[in-house]
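K.L.:
Here is a sequence with its predicted model. Questions after.
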Amino acid sequence: MLLDVREPREWDAGRIPGAVHVPLGSLPTRAHDAIPDPAVPVLVYCAHGIRSLQAARYLQALGCDDVRSIAGGTEAWRASGLAWEAPAGSRLTAEQSRRYSRHLLMPEVGPEGQARLLDARVLLVGAGGLGSPAALYLAAAGVGTLGIVDFDVVDVSNLQRQVLHTTDRVGLPKVESARATIGALNPEVRVIAHDEMLGPGNVAALIADYDVVIDGTDSFETRYIVNDAAVRLGIPVVHASVYRFEGQLTVFDAADGPCYRCLYPSPPPPELAPPCSVAGVLGVVPGIMGLLQANETLKLLLGIGQPLVGRLLLFDALETTFEELMLRRDPACPACGDVARSLATPESAPATAAPTTAPATAAPTTAPTAAPATAGTFDLPWPAGPDRR
């Protein structure tokens, strides 16, 4: 393996292709992670060959069997006309390098990952209890473009949990309030305000240009509309919902897992899923779930970790517990099932509204500890409307 022990600013300017970056000063704490097998041959380099020689001696003392230092470092390497690459992150400005410095220190993100975030486009459906924390942390992380769909205005009752908004903005459109808050936090983030109701007629046009959709809607009908359009267009949806002291979270990616209709083929009767204006909600619960939505979104954009595809995370704020259920795609699902996959195309498939009939039996009030064997028949509590109003 190739080990680059130069400083981050040197790494950002260019490196030998395939190298792993561990600055010399970080080697004592990161050597075992970077080189888990001491039998692997290691070729260490720096700018001129001095630091790499120190690193090679240190690694030999740790028990690495075959460690060598490149004499003359990168200067000699490039003078010989050998392979060299300028990373995508080299386009970061000095100000961006300072702002995102904690990301740049992490090999899972680094300059290339930060560059991907700057180029990314995320659509938030709803600027309420879920969309607020998600938008704030995605903006702080440097996601370059945030689209926000919301037709509502800020109400004083929102301020208990919708942290994008402030008292002096009561009565203003939520998308404009969100734009102001995000602009104050990170002026480089482009905010596209969609001050309109999302429906079958405009859903494809709204979501088509985005990499990820965050579902923070409070409407079952809208959830089905977003789901069906996202399945057809191949766009992952990070979904969450909250109810009083509880939250649910999952990622719907039709290429790898089930969709919203697999989990909930039909909406519940209204009396089983009262909105927060009737049932109430602890203000921090949508905050917690919205932050988890932001986390899943960053994982998708960076291509790291294991997204919650095919898994449903259940949160109980009173017990401070998390449970996980496995989800399966329903082969008979009208949106992502076998027949739908063979017939639907992005150009021809129309947007589908929510079913008009509810299931005959009420949902149980407690969740099971494991997923049932049959797809599409999950005995879960109905997902409460996310706290958006």
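P.N.:
Perfect, thanks for sending it.

K.L.:
Do a quick rundown of the strands in the stretch 51-200 of the chain.
P.N.:
67-69, 121-125, 145-149, 190-194 (DSSP state E, counting those that start in this stretch).

K.L.:
With mean pLDDT as added columns, please give these in JSON lines.
P.N.:
Listed next are the strands of the stretch 51-200 of the chain as JSON lines, based on pLDDT from 0 to 100:
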{"stretch": "strand 67-69", "mean pLDDT": "96"}
{"stretch": "strand 121-125", "mean pLDDT": "98"}
{"stretch": "strand 145-149", "mean pLDDT": "98"}
{"stretch": "strand 190-194", "mean pLDDT": "97"}
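
K.L.:
so which of the ones you listed gets nearest P274?
P.N.:
strand 121-125 (20.8 Å; CB to CB). Placement of C-beta: from N, CA and C, glycine included.

K.L.:
and the closest one, which residues are buried?
P.N.:
R121, V122, L123, L124, V125 (16 or more other CB atoms under 10 Å).

K.L.:
Residues in a beta bridge with the first one, which ones?
P.N.:
Looking back up the chat, that one is R121. Beta-bridge pairing of R121 under DSSP bridges involves T145.

K.L.:
mind listing the strands for the stretch 201-350 of the chain?
P.N.:
212-215, 237-243, 246-252, 311-316, 321-326.

K.L.:
so the last one versus strand 311-316, what angle?
P.N.:
Put simply, strand 321-326 runs at 160 degrees to strand 311-316, going by axes from the mean of the first three to the mean of the last three CA atoms, to 10 degrees.

K.L.:
Quick check: buried residues in strand 321-326?
P.N.:
For strand 321-326, by 16+ other CB under 10 Å, it's L325.

K.L.:
Which elements pack onto it?
P.N.:
strand 311-316 (3 or more CB pairs under 8 Å, 6 or more residues apart in numbering; DSSP states H and E).

K.L.:
L327 reaches F252, doesn't it?
P.N.:
No - between L327 and F252 there is no contact under CB atoms under 8 Å: 9.2 Å.

K.L.:
between these two, what contacts are shared?
P.N.:
P258 (CB atoms under 8 Å, 6 or more residues apart in numbering).

K.L.:
Pick out whichever of these two has more residues nearby.
P.N.:
Using other CB atoms under 10 Å as the criterion, L327 and F252 rank with F252 on top: 30 against 23.

K.L.:
List the residues that contact that one.
P.N.:
Counting by CB under 8 Å, 6+ apart, F252 has contacts N227, A230, V231, P236, V237, H239, P258, C259, Y260, V309.

K.L.:
rerun at 6 Å
P.N.:
The neighbourhood of F252, defined by CB atoms under 6 Å, 6 or more residues apart in numbering, consists of V237, H239, C259, Y260.

K.L.:
Check the spacing between it and I235 real quick.
P.N.:
For F252, the distance to I235 equals 10 Å [CB to CB, to the nearest Å].

K.L.:
Just want the most central residue of the chain.
P.N.:
T297 (0.7 Å; CA atoms, centre = their mean).

K.L.:
Show the model's pLDDT score for that one.
P.N.:
In this model, T297 is scored at 98, pLDDT.

K.L.:
got it, and A255?
P.N.:
81.

K.L.:
With the flanking residues excluded, which residue is spatially nearest to it?
P.N.:
G234 (6.4 Å; CB to CB, 6 or more residues apart in numbering).

K.L.:
Check D256 too.
P.N.:
Counting by CB to CB, 6+ apart, the residue nearest D256 is V309, at 5.0 Å.

K.L.:
A240 versus the one you found, what's the distance?
P.N.:
Taking CB to CB, one finds V309 at 14 Å from A240.

K.L.:
so where is this structure shaky, pLDDT-wise?
P.N.:
Within the chain, the segments meeting pLDDT under 70 span 87-90, 344-389.

K.L.:
Check it for its longest helix and report it.
P.N.:
helix 284-302 (DSSP state H).

K.L.:
got the buried residues for that helix?
P.N.:
Here helix 284-302 shows 285-302 as buried, counting by 16+ other CB under 10 Å.
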